[in-house]
Structure formats: structure tokens, C-alpha cells
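Q: next comes the sequence, and after it the predicted model I'd like to discuss.
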Protein chains: 2
Amino acid sequence: MTYCVGVLLESGLIMASDSRTNAGVDHVATFPKMTTFSKTGERVIAMLTAGNLAISQAVVSLLQKQIDEQIEPNLYTVSSMIDAAHVVGNALRTIHAEDAEHLRKHAADFNRSILLGGQIAGERPRLFNIYSAGNFIEAVAETPYFQIGETKYGKPILDRIISSNSNLNEVTKCILISFDSTIRSNLSVGLPIDLLQYQTDSFDASNKRRIADDNTYFRQLRKYWAEGLKRVFSELPDPS
Amino acid sequence: MTYCVGVLLESGLIMASDSRTNAGVDHVATFPKMTTFSKTGERVIAMLTAGNLAISQAVVSLLQKQIDEQIEPNLYTVSSMIDAAHVVGNALRTIHAEDAEHLRKHAADFNRSILLGGQIAGERPRLFNIYSAGNFIEAVAETPYFQIGETKYGKPILDRIISSNSNLNEVTKCILISFDSTIRSNLSVGLPIDLLQYQTDSFDASNKRRIADDNTYFRQLRKYWAEGLKRVFSELPDPS
């Protein structure tokens, strides 16, 4: 399974993904699920994928091939994020046309969800949730985040904290806690976490971190959060 | 959907269920999902059900009929909780034999999960998770709780707090917070909550409460918990 979150804020965009891939419990591996396409000063596009890994890799390869061979439109030349979402949606449709029938013969669904976030010079940052069918929805101020994969464990904390005018650091903390809750309760989601913190109009994708088990900040956060929850819990009034 | 939790402690047993039933979003109703069978001083048995409501009601009717018509074995005469679990499992199998084929013709699965907890004089309290197939597993000290229905949103807090030597009030608080998280994040789970707090060797089922939106304690708990979480969250160190 997988857990990915994208959050669109007035101040920027945060994209985060775990990196555990499994086929059953006896075939567990680590694969990053975040791919970035960026030209400093002009565009930053980040893509998170959940579902069949072979389909993900096929989509990423096709998008990269379009860039390398200058096939238009591609993620390095489109002039808006909605065009970028169409490019990715169409790549999904191309792979679907090639693979879906074969997958069906092996009783496997063509399942793939993609979060696509970023900013292209000339517009504000935008965030899309692209479905298997290649169509998509866009985040708005009222619903500023999308999750894909194993979404439920980590949703309550996002619902409590995030609004579109939250600040980047606050939301980064919240996302890491959401990952902590998910990782504790579900074996199919695992470290490391890839996390991109993007500031509006920076056109700079360099604030991308890989957070592994030995990350001091994440360890602190998990510890303080667990202790804080227990403290708040113990201070709650007992039922009469 | 539904959310039910049963927790087995050294000091007793807690059973809790929401009461929202829905078929699609345009057919939402309130049905209690907890049924108790008790003889004060001798036995307390509580049953929580998730899944197809018609199957639940058919199972409860059959169990009640066995008691009323003194058909052996029944929940008023069995001498252990494992026998009670067999009685319920067999009732499920009887209903399956009657309904499953008809449900299949309407593309509906025979899906039903049951939590059965209680104590019969002569043994300690016990808790079972009974599957659609009528077979079951029993809670142990290492895994003292079961959830059925919409389980994921409310699991992290249970994982953090509950152990088999927690006390009854502590676990009651924890369960109510688990319901709060679930209700906030999923429309298919709703108030009121039916909650039974049973103390080992009391053989008394009278500590059963219905917690609705106007319950002062639950409102306080939700408020203090939300404020406490936000306070702990705001005190966490920012990422560097």
C-alpha cells in the first residue's frame, strides 16, 4: 500500500509520500513515490503515485521520454498546471490502452491515483488529484488537501489542523504526524518519507527531504506528540 | 456504515457502537447496533453488529426466538462465552443458508461482522469477533480489543492508549475519542453512541448509556480533546 498527501496553501505547497511497496506480506520493498520535474526560476512540478507500481513507473518513463525527445506537450513546456494535469492524465490513458487488457487477463485491476502539484511561472501554485481514468479534480481553498492510498488513519489530524491559510511549517508538522499515525497502525505504509516543501513564487524544488528512521526531527516529533497526547488524555475528565 | 469497538480488560469489558445506518447517502437512518442478553447475577452478554442491517436483525430475532421458545442451546442457558459464540455463529449460518443465495441474485454480499462480549458465572469476561462464516477469534491480553465497520480513523488512538491492564474509565474515554475522530472524518458513522461499561464479576448490565449530541460529558470530552491536541500540536518544534 502507500500513503501520499498533497496540501495547497496560500503560502505554498507540500507534497509527501511514504516509500513502502508490497505485494502480499512476503514481498516488501522500498520505492520512492515522488517524482519532481523542475526548472529553477520557471516551474516546479511534483507527482505522487499510489497503486500498481509497474503502472507508476510506466507513466513516469513516458513523461520523461516526452521531455527527453521533446514531444509536445510535455511537463517542461506546458504553460499551466492544468495543462500539466492533462499531460499526466493522457500518459495514464496511454499506459491504460497498453496494459489494462493484459492486467485483466491476470485478474488485476488498472488502479492508479496520482497527486500532481506545482507552480508554473505566470500562475499561482495548484494541486490536482488525477484518477485512473485520467480525469482529475483540483484542490480549492475549502478543500486544500488530497490524500491517496491508505488515507483513513491519518485523516483526523489533517481535518483538525489544516486550512488553506495555515503556514508551511505548521502543515509540514501536521503531515508528519499524519504519517506517524498511519505507520503505527498499518504495516503497509513505511519510512522513509519523501517530503517537498515548496514556497509560492520560489520556483525552487530544493527543499525536498528524505525522512528516515534516524531523522532527529521526526523522532522528536513522534516522541513529543505521543507524550503530549497521553498528557492531554490523562487530563481529560473521567466519565461519571 | 458502522463503527463498533469491544475492549477486554482485566477489570471488565467495554462495548460501544454508533447508530447510523445508510444505504447510499440518500437513505440514512438511526438503528441501535447493540443488543444485550442478561440475567442479573448470572450472565451479561452484549452483541455489536456491522454490515447488512437485515441480516443483523434476522440474527437477533433468531437468538431471541431460541430464548423465548426455550430451544437449546440459547444465550440464556449456555454455560460459557465460547458456547455463546457458537450459538451466535450458528445463528449467522442459519440466516446465511436462508438469505445468501437470494442476496447474490441481487448482487449483494452476505456481509456481517459481530462482536460478542460478556461474562457467564464461573468464568472470566471474554470477547469474540465473529465472522460472516460463523467462525470466530477471541481477544487475548496482547490484543485486547476488536473493531468492526469503519475502523481505521479511530484506530491510532486505541493503539496508543489501550492495554489489557488499563482501567475501565480510561478506556471508556479512549473509545469515545476514537468515535469522535471517526465521526468527524466519516459521514457514515453517527451519534448516538451506545456504550456498555461492564465490571468483572458484577453480572450487571445496567451501566449502559446512550450518548447523544446533547450529552454534556461527551461534549466536554470532544472540546477538551480538540483544544488539547491543538495545544500539543502548537508546542511541537517547527521543522528547520
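A: Alright, I've got the coordinates.
Q: which neighbouring elements make contact with the helix ranked longest in chain A?
A: Counting residues, the longest helix found in chain A (DSSP state H) is helix A:81-105. When contacts are defined as 3 or more C-beta pairs under 8 Å, 6 or more residues apart in numbering or on different chains; DSSP states H and E, helix A:81-105 sits against strand A:43-51, helix A:53-68, strand A:112-120, strand A:126-130, strand A:136-138. C-beta: built from backbone N, CA, C; applies to glycine.
Q: 6 Å - rerun?
A: Judged by 3 or more C-beta pairs under 6 Å, 6 or more residues apart in numbering or on different chains; DSSP states H and E, helix A:81-105 is in contact with helix A:53-68, strand A:112-120, strand A:126-130.
Q: what is the mean pLDDT for that helix?
A: Average pLDDT, helix A:81-105: 93.
Q: do stretch A:203-220 as well
A: Rounded mean pLDDT across stretch A:203-220 is 95.
Q: who's in contact with that stretch?
A: A:36, A:38, A:40-42, A:44, A:191-197, B:239 (C-beta atoms under 6 Å, 6 or more residues apart in numbering or on different chains).
Q: how does it look with 8 Å?
A: Stretch A:203-220 has contacts (C-beta atoms under 8 Å, 6 or more residues apart in numbering or on different chains) with A:34, A:36, A:38-44, A:46, A:119, A:121, A:176, A:180, A:191-199, B:237, B:239-240.
Q: now, which of these lie within helices?
A: Per DSSP H, the subset of the contacts of stretch A:203-220 in helices is A:Leu176, A:Asp180.
Q: now a ChimeraX select for only the buried ones of the contacts of stretch A:203-220.
A: To isolate the buried ones among the contacts of stretch A:203-220 in ChimeraX, judged by 16 or more other C-beta atoms under 10 Å in any protein chain shown, type:
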select /A:34,36,38,43,44,46,119,176,180,191,192,193,194,195,196,197,198,199 /B:239
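Q: count of residues packed around A:Ser206?
A: A:Ser206 sits with 12 neighbouring residues when counted by other C-beta atoms under 10 Å in any protein chain shown.
Q: could you check how far the helix or strand A:Arg222 falls within is from the centre of its chain?
A: Under the criterion of DSSP states H and E, A:Arg222 resides in helix A:216-235. Relative to its parent chain, helix A:216-235 has a centroid offset of 25 Å by C-alpha atoms, centre = their mean, to the nearest Å.
Q: can you pull the phi/psi pair for A:Ile71?
A: phi -80, psi 130 (degrees, to the nearest 10).
Q: I figured it hits A:Leu63, correct?
A: No: contact criterion C-beta atoms under 8 Å: A:Ile71 and A:Leu63 do not qualify, at 10.1 Å.
Q: and the two? Which one has more around it.
A: A count of neighbours by other C-beta under 10 Å puts A:Leu63 above the other of A:Ile71 and A:Leu63, at 22 against 11.
Q: mind listing what that one touches?
A: With contact set as C-beta under 8 Å, 6+ apart, A:Leu63 has these partners: A:Thr35, A:Phe37, A:Met47, A:Asn74, A:Leu75, A:Val87, A:Val88, A:Ala91.
Q: for PyMOL, what selects the buried ones among those?
A: To isolate the buried ones among the contacts of A:Leu63 in PyMOL, judged by 16+ other C-beta under 10 Å, type:
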select buried, chain A and resi 35+37+47+74+75+87+88+91
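Q: distance to B:Met15 added to the contacts of A:Leu63, as TSV?
A: Listed next are the contacts of A:Leu63 as TSV, based on distance: C-beta to C-beta, whole Å:
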residue	distance to B:Met15
A:Thr35	47
A:Phe37	52
A:Met47	45
A:Asn74	58
A:Leu75	53
A:Val87	53
A:Val88	47
A:Ala91	50
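Q: who's the closest spatial neighbour of A:Ser178, skipping the chain neighbours?
A: A:Gly154 (3.4 Å; C-beta to C-beta, 6 or more residues apart in numbering or on different chains).
Q: which residues touch that neighbour?
A: A:Tyr3, A:Val5, A:Gln147, A:Ile177, A:Ser178, A:Phe179, A:Ser181, A:Thr182.
Q: cool, and A:Thr172?
A: A:Ile14, A:Leu195, A:Gln197, B:Pro239.
Q: for A:Leu236, same thing?
A: B:Lys173, B:Ile177, B:Leu221, B:Tyr224, B:Trp225, B:Gly228.
Q: next one: phi and psi at the residue lying closest to the fourth one once chain neighbours are set aside?
A: Take B:Tyr224 and drop its neighbours on the chain: the residue closest to it by C-beta to C-beta, 6+ apart is A:Leu236, 5.5 Å away. Summarising the backbone geometry of A:Leu236 under the convention degrees, to the nearest 10, its torsions are phi -70, psi 150.
Q: circling back to that earlier point, reformat the helices and strands packed on helix A:81-105 as TSV; add mean pLDDT.
A: Output for these, formatted as TSV (pLDDT from 0 to 100):
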stretch	mean pLDDT
helix A:53-68	94
strand A:112-120	95
strand A:126-130	97
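Q: turn these into TSV, columns for distance to B:Leu103.
A: TSV is the format used below for the helices and strands packed on helix A:81-105 (distance: least, C-beta to C-beta, whole Å):
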stretch	distance to B:Leu103
helix A:53-68	34
strand A:112-120	31
strand A:126-130	34
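Q: minimum distance to A:Ala139: which of those has it?
A: Closest to A:Ala139 of the helices and strands packed on helix A:81-105, according to C-beta to C-beta: strand A:126-130, at 4.1 Å.
Q: ok, the closest one: who's next to it in the sheet?
A: strand A:112-120 (antiparallel), strand A:136-138 (antiparallel) (DSSP bridges).
Q: report the angle between it and helix A:81-105.
A: For strand A:126-130 against helix A:81-105, the angle by axes from the mean of the first three to the mean of the last three C-alpha atoms, to 10 degrees is 20 degrees.
Q: how about residues contacting strand A:126-130?
A: A:6-8, A:13, A:81-82, A:85, A:88-89, A:92, A:113-119, A:136-139, A:144, A:146, A:148.
Q: please convert the buried members of these into PyMOL selection syntax.
A: Of the contacts of strand A:126-130, the buried ones go into a single PyMOL selection, burial set by 16+ other C-beta under 10 Å:
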select buried, chain A and resi 6+7+8+13+81+85+88+89+92+113+114+115+116+117+118+119+136+139+144+146+148
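Q: state whether A:Asn165 is indeed within a strand.
A: No: secondary structure of A:Asn165 (DSSP: H, G, I helix; E, B strand; the rest coil): coil, not part of a strand.
Q: give me the nearest residue to it, chain neighbours excluded.
A: A:Glu10 (5.5 Å).
Q: before we move on, what about A:Ser188?
A: A:Met1 (3.5 Å).
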